[in-house]
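> Structural data only, the sequence is not supplied:
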């Protein structure tokens, strides 16, 4: 398993298998969220198989499927609501982990502080040391981590 910790409350992973659930529980996770629709690839386990394995390992399981490349605001709202109700820590997964990471990032839009700095000319600036994503009704914007300050207007 390739589990990637985002913070103490949530981690993400690419596709996991039903037989991974006991190890996931042993690592302290309480809830598993699947962001992968059933039948996305012929070799993937179904959500019902994943849920059975999760419950057998003592984990809560939630199915919040998102079609790859077709993420919409409703998906973000569903993920945010599921995350808010979930016992944590949470492990969310999809094919590569990207959808789960993106859903988490978008669900946090407006909730996390933005790091303000002061530029050489004493103007307020924002330093982005990593990719920040904020879109649509969630005020989404993509800003790359190029080491440049972003000066809000």
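That came through fine. Computed from a prediction, not measured in an experiment: that's the story for all the values here.
> Sketch out the low-pLDDT regions of the protein for me.
110, 112-153 (pLDDT under 70).
> What segments of it are helices?
Applying DSSP state H to the chain gives helices spanning 21-26, 47-56, 73-85, 98-107.
> Any chance of JSON lines for these, columns distance to residue 10 and mean neighbour count?
To be clear about C-beta, it is placed using only N, CA and C from the backbone, and glycine gets the same treatment. What follows is these, written out as JSON lines (distance: least, Cβ to Cβ, whole Å; neighbours: other Cβ atoms under 10 Å):
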{"stretch": "helix 21-26", "distance to residue 10": "13", "mean neighbour count": "17"}
{"stretch": "helix 47-56", "distance to residue 10": "16", "mean neighbour count": "17"}
{"stretch": "helix 73-85", "distance to residue 10": "7", "mean neighbour count": "16"}
{"stretch": "helix 98-107", "distance to residue 10": "6", "mean neighbour count": "22"}
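> List the buried residues of stretch 32-42.
Neighbour-count burial for stretch 32-42 flags 32-37 (criterion: 16 or more other Cβ atoms under 10 Å).
> returning to what we had before: would you list the helices of the chain in a markdown table and tack on distance to residue 15?
Converted to a markdown table, those look like this (distance: least, Cβ to Cβ, whole Å):
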| stretch | distance to residue 15 |
| --- | --- |
| helix 21-26 | 13 |
| helix 47-56 | 10 |
| helix 73-85 | 18 |
| helix 98-107 | 11 |
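> returning to what we had before: columns distance to residue 94 on top of the buried residues of stretch 32-42, output as TSV?
Below are these laid out as TSV (distance: Cβ to Cβ, whole Å):
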residue	distance to residue 94
32	12
33	9
34	8
35	4
36	5
37	9
